[in-house]
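Peer 1: Dropping a prediction and its sequence here:
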Amino acid sequence: MKIMLITDAWHPQVNGVVRTLNRVIEECEAMGHEFEIVSPNDGFKTVPLPTYSEIQLAIGARKQIEERFHEFEPEAVHIATEGTLGMAGRSMCLKNKMPFTTSYHTRFPEYVSARVPVPLSWGYSFMKWFHRYSGHIMVATASMREELESRGFGNVVAWSRGVDTELFHPDKRTTMPDPYEGMERPIFLNVGRVAVEKNIEAFVELDLPGTRVVVGDGPQREELEKKYPHVKFLGAKFGDELAACFAHSDVFVFPSLTDTFGLVILEAMATGTPVAGYEVPGPKDLIPGSNAGAISDDLKAAAMECLDIDRATCRTYAEGYSWTACAETFVTNLEPLPVPERRRFWKRLRRLRRREQRDQESVL
């Protein structure tokens, strides 16, 4: 199948959305699917997203997206994000009567409210408008699906995640140098963007034994380093170094209240490290019943409980999440043009396009 993917989140951004899309594309291409990826890197004029400069918002992209749409002639369109590219892609699909699907990666209204004093209702009004005509809204967890449905969203379907069990492996605990050498044990770790919406301060202010460590970078890092001098901030890590940070830690603490899944939860578990989190979408979908972590409104209690969890059990649980299954679900959730109608659909659009071009030429 020819799939057009439109996303405001792409390299060089480092986050769960980008990692998920990359792995899904790799798996889908291995199955024989072909992608046309529209991202901020495609030569559009861009401006940084206020308070999150790593995200570049494309301006005036609609015409180019539509040109690429007609050239590629996709059988399915997926709009991954609700940014300016996502809105341009949505508008294009509605104009051309092309079915499309969307995904809900971040609790956007909560994210905005954490940074700007605006009511949650405003954010959810926008999100319902954006996703209204989506054939399927793909969400990572059952609880997120229930939450959106309770707020009036329709056509919500499950799309779980996977984990690279070769990179994130317990062997990193013995084959890679200990990044915490000289630090007091136990090591309580958090990995992610150091920003207010990730609620990292809830972790670093916990009264825990041993050492609290934060791996990652972001706009709140300098502030938190000054405020919590006993917490170790190691900066961003990648590849084997990141996997070693997970593997050598004793407990992974996930304080976020806005993530819809939390890919780092599975990455920690894959290295054998148990995970503590709040009882919110993501942690409450992955952790209860897994014997690989603990959730509680008392984050310290959950973190301390994790010290007694068997690391081998964590690894076994994470092995049940494959990227292949994630990609297969993604393809199943797409809303492609029905096979009998594809030829007629594109024949009609080519005819309309030629007519528009003739009209423009006559004006000139």
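Peer 2: Perfect, I can see it now. Residues are numbered from 1 along each chain as shown.
Peer 1: contacts, neighbours, all on C-alpha from now
Peer 2: Fine.
Peer 1: where exactly do the strands run in this structure?
Peer 2: Counting by DSSP state E, the chain has strands at residues 2-6, 34-38, 45-49, 52-59, 76-79, 101-103, 137-139, 156-158, 187-191, 211-215, 232-235, 251-254, 275-277, 293-295.
Peer 1: Of all those, which one is nearest A325?
Peer 2: Distances from A325 to each of the strands of the chain were compared using CA to CA; the minimum, 12.1 Å, belongs to strand 156-158.
Peer 1: Parallel or antiparallel, list what pairs with that closest one.
Peer 2: Looking at strand 156-158 with DSSP bridges, its partner strands are strand 137-139 (parallel).
Peer 1: same question for the strand it pairs with, mean pLDDT?
Peer 2: When pLDDT is averaged over strand 137-139, the result is 97.
Peer 1: next one: stretch 107-127
Peer 2: Over the span of stretch 107-127, the pLDDT mean works out to 86.
Peer 1: likewise stretch 73-83?
Peer 2: 96.
Peer 1: Between the two ends of that stretch, how far is it?
Peer 2: The straight-line separation of the ends of stretch 73-83 (CA to CA, to the nearest Å) is 23 Å.
Peer 1: hmm, back to that, need the least confident one among the strands of the chain, by mean pLDDT.
Peer 2: Across those, strand 52-59 has the smallest mean pLDDT, namely a mean of 83.
Peer 1: Can you tell me what sits against it?
Peer 2: With contact meaning CA atoms under 8 Å, 6 or more residues apart in numbering, strand 52-59 is reached by 8-9, 12-13, 40, 44-49, 83-85, 219.
Peer 1: quick one: which of those is nearest to R315?
Peer 2: For the contacts of strand 52-59, the minimum distance to R315 (CA to CA) is 27.8 Å, reached by Q13.
Peer 1: Leaving out sequence neighbours, find the closest residue to the closest one.
Peer 2: What sits nearest to Q13 in space, not counting adjacent residues and going by CA to CA, 6 or more residues apart in numbering, is E54, at 6.2 Å.
Peer 1: Check the gap between that neighbour and D310 for me.
Peer 2: Following CA to CA, the distance that separates E54 from D310 is 38 Å.
Peer 1: Please verify my assumption that S103 contacts I137.
Peer 2: Yes: with contact defined as CA atoms under 8 Å, S103 reaches I137; the gap is 5.1 Å.
Peer 1: hang on, the earlier thing: give me the buried entries from the contacts of strand 52-59.
Peer 2: Those of those that meet the buried threshold are D8, A9, P40, F44, T46, G83, T84, L85, by 16 or more other CA atoms under 10 Å.
Peer 1: tally of neighbours for Y124?
Peer 2: Using other CA atoms under 10 Å, the number of residues around Y124 comes to 19.
Peer 1: tell me the contacts of it?
Peer 2: Going by CA under 8 Å, 6+ apart, the list of residues near Y124 reads P109.
Peer 1: how about a cut-off of 10 Å?
Peer 2: Y124 makes contact with R107, F108, P109, E110, F130, L148, R151, G152, F153, according to CA atoms under 10 Å, 6 or more residues apart in numbering.
Peer 1: thinking the first one is in contact with V280, fair?
Peer 2: No: when contacts are counted by CA atoms under 10 Å, R107 is not listed as touching V280 (11.4 Å).
Peer 1: with the buried ones among the contacts of strand 52-59 in mind, which one is nearest to F252?
Peer 2: With CA to CA as the yardstick, the closest approach to F252 among the buried ones among the contacts of strand 52-59 comes from A9, at 25.5 Å.
Peer 1: how much space between the closest one and A247?
Peer 2: Distance of A9 to A247, computed by CA to CA: 28 Å.
Peer 1: ditto for Q357
Peer 2: 59 Å.
Peer 1: Tell me which of these two has more neighbours.
Peer 2: Higher neighbour count among Q357 and A247: A247, with 29 against 10, using other CA under 10 Å.
Peer 1: and the more buried one, how far is that from A312?
Peer 2: Here the criterion is CA to CA. By it, A247 lies 12 Å from A312.
Peer 1: so what's in contact with these two at the same time?
Peer 2: When contacts are counted by CA under 10 Å, 6+ apart, the set common to A247 and A312 consists of P170, M269, A270, T271, G272, T273.
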